[in-house]
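>>> Dropping the sequence and predicted coords here.
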Amino acid sequence: HQLEGVKLFPKNDQHSLTGDEWLQSDECKAIGDDLKKTLEGLMDHLFGPVEKKWSSDYFPFTEPSLECEILYDGEWLEVLGCGVVHTEVLDMAGRGDRRGWAFGLGLERLAMILFGIPDIRLFWTEDTRFHKQFKAGQITKFKSYSKYPPCYKDIAFWLPESGMEENDFFEVARGVAGDLVEKIDLTDEFTHPKTNRTSKCYRITYRSMDRSLTDDEINALQMELREKSASDLNVEVR
């Protein structure tokens, strides 16, 4: 489920700016500044005063496009994507006389952070041990319970010279194992003093919601993940 919002402004420049002209314009920069100020206020309202960081991203209907992360309970968490809306999108909506920005916030992701829920699959469970922990209008931290045991596997690799976006690795892992991936944690990172190459090690927690996993099937998934990571991300698996 997605919460989406948009804020529109009167169009200041009567000329149609495109491409780099628009991105470098004072109007675009002013809209981007308003976007950050507003959404940073939303983050502080939801989570209390928190440290934030912005990074460039890509979305098909906005440019520039941004991703906002917050430092919450000692971890950087991605909370929303946003950007300045393409003029073509506003034209198609019959609002060519406006400029604006838009954002999208995953409600499940928000609930996972606020309630401390580690696995998105729990939102679709019928297990009463989950549902009875929450009451409408109250934020209470989730108390974990174990129905089926987890299986832990580590993967370490050297990053390519161009680096690697962590979310790209997460997507590869989800593509290989789907919902069997409960979570992925960075457990070690170091840079070799002579070669200046960086190595990262991740621990993957596999768990099924409805059965016990076998070593054979997890070993097969882990081997496929190693191969896909090397081919898709250009990392050197150790």
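Okay, I see it.
>>> Which secondary structure element is home to the closest residue to D154 other than its chain neighbours?
The shortest distance from D154 to any non-neighbouring residue, by Cβ to Cβ, 6 or more residues apart in numbering, is to R203 (5.2 Å). C-beta: built from backbone N, CA, C; applies to glycine. Secondary structure assignment for R203, by DSSP states H and E: strand 198-206.
>>> ok now that strand, how far from the chain's centre?
Taking Cα atoms, centre = their mean, to the nearest Å, one finds strand 198-206 lying 17 Å from the centre of the chain it belongs to.
>>> What helices and strands are in contact with the helix or strand following it?
Remark: after strand 198-206, the chain's next helix or strand is helix 215-233, criterion DSSP H and E. In terms of contacts (3 or more Cβ pairs under 8 Å, 6 or more residues apart in numbering; DSSP states H and E), helix 215-233 is packed against strand 151-158, helix 166-177, strand 198-206, strand 236-237.
>>> And these: which comes nearest L46?
helix 166-177 (21.4 Å; Cβ to Cβ).
>>> which residues sit against that closest one?
For helix 166-177, contacts defined as Cβ atoms under 8 Å, 6 or more residues apart in numbering pick out 78, 181, 184, 186, 202, 204, 206, 221, 224-225, 228-229, 232-233.
>>> quick one, what contacts the residue nearest in space to the middle of the chain?
Centroid-nearest residue in the chain: E78, 4.2 Å away (criterion: Cα atoms, centre = their mean). Listed by Cβ under 8 Å, 6+ apart, the contact partners of E78 are E67, C68, E69, R109, N167.
>>> Let's see that with 7 Å instead.
Residues near E78 by Cβ atoms under 7 Å, 6 or more residues apart in numbering: E67, E69.
>>> can you check V237 too?
By Cβ under 7 Å, 6+ apart, the contact list for V237 reads I155, F157, R226, S229, A230.
>>> Now the buried members of those.
When the contacts of V237 are checked for burial by 16 or more other Cβ atoms under 10 Å, the buried set is I155, F157, R226, S229.
>>> pretty sure the last one is touching F157, no?
Going back to what we said before, that points to S229. Yes - contact criterion Cβ atoms under 7 Å: S229 and F157 qualify, at 6.3 Å.
>>> what's the overlap in contacts for the two?
V235, V237.
>>> just to revisit the earlier point, any idea of the pLDDT on the residue nearest to D154?
Looking at R203, its pLDDT stands at 96.
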